[in-house]
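Visitor: Next one to model:
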Amino acid sequence: MSEPTSLPTGAPSAGAPVGPDLADLLRASARGDQVAFAQLYDATAARVHGMALRVVRDPAQAEEVTQEAYLEIWRTAARFDPSRGSALSWLLTLTHRKAVDRVRSAEAASRRDTTYHQQNQPIDHDVTAEQANASLEARRVRGALASLTAVQREAVELAYFGGYTHTEVATMLQLPVGTAKTRIRDGLIRLRDAMGVGQ
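Guide: Below you'll find the predicted structure:
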């Protein structure tokens, strides 16, 4: 599949609507349909750019992450599985990963620029234990997330990993606000039970 001849550049407009046929546009993009891909970009660029900006917190970096995300979307559109969540959730998850990678890369570069002395300070035992506990906790959370239904996981990920409000989640998933709140609440209850909180 050849890449689209011209990918839109710059920050997208804030008012780009999210259409109801994103899954169809993704499937068409997977077949190399550049017109469908352009429509997908127009329908989702504001959300994708917003997610990137929320994570990297720098407009120029966010534009670069948005471009990288859409190139990855073009190349991997065939991997979208509607049984695991909505097209928008898939796009935002991919964008979130790209943005986190960018932040980690910047942090790694910053660490490389520090002096030898700073890099070789002895690590306090409590810090090591705290890091080990955080790693174990992250594994528990991932395992608990896997126990949710697809619709619960989608709503919880947008609300807590994406940082969106209940109203924004409802808009993105094209649901009534009450339904979105219910999915998030039920997902959190199921997460709590899966992690044994309060037991």
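
Visitor: Which segments of this protein make up each domain?
Guide: 1-114, 148-199 (automatic domain parsing).

Visitor: export those domains to CSV and tack on distance to residue 139, mean neighbour count and mean pLDDT?
Guide: C-betas here are computed from N, CA, C, even on glycine. Compiled in CSV, the domains of the chain are given as follows (distance: least, CB to CB, whole Å; neighbours: other CB atoms under 10 Å; pLDDT from 0 to 100):
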stretch, distance to residue 139, mean neighbour count, mean pLDDT
domain 1-114, 17, 17, 86
domain 148-199, 11, 17, 81
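
Visitor: With distance to residue 140 as added columns, please give those domains in JSON lines.
Guide: Formatted as JSON lines, these follow (distance: least, CB to CB, whole Å):
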{"stretch": "domain 1-114", "distance to residue 140": "20"}
{"stretch": "domain 148-199", "distance to residue 140": "6"}
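
Visitor: Nearest residue to residue 77 in space, ignoring adjacent ones along the chain?
Guide: Nearest non-adjacent residue to residue 77, counting by CB to CB, 6 or more residues apart in numbering: residue 30, 3.9 Å away.

Visitor: can you check residue 181 too?
Guide: residue 166 (5.1 Å).

Visitor: Take stretch 188-199, keep the C-alpha atoms, and write them as CSV.
Guide: What follows is stretch 188-199, C-alpha atoms only, in CSV (Å, rounded to 0.1, in the frame of the first residue of the first chain):
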residue,chain,number,x,y,z
LEU,A,188,-14.6,1.1,37.8
ILE,A,189,-16.7,-1.3,40.0
ARG,A,190,-15.5,-4.2,38.0
LEU,A,191,-11.9,-3.0,38.1
ARG,A,192,-12.1,-2.6,41.9
ASP,A,193,-13.5,-6.1,42.3
ALA,A,194,-10.8,-7.5,39.9
MET,A,195,-8.1,-5.9,41.9
GLY,A,196,-9.5,-6.9,45.3
VAL,A,197,-9.7,-3.3,46.5
GLY,A,198,-11.4,-3.1,49.9
GLN,A,199,-11.2,-6.9,50.5
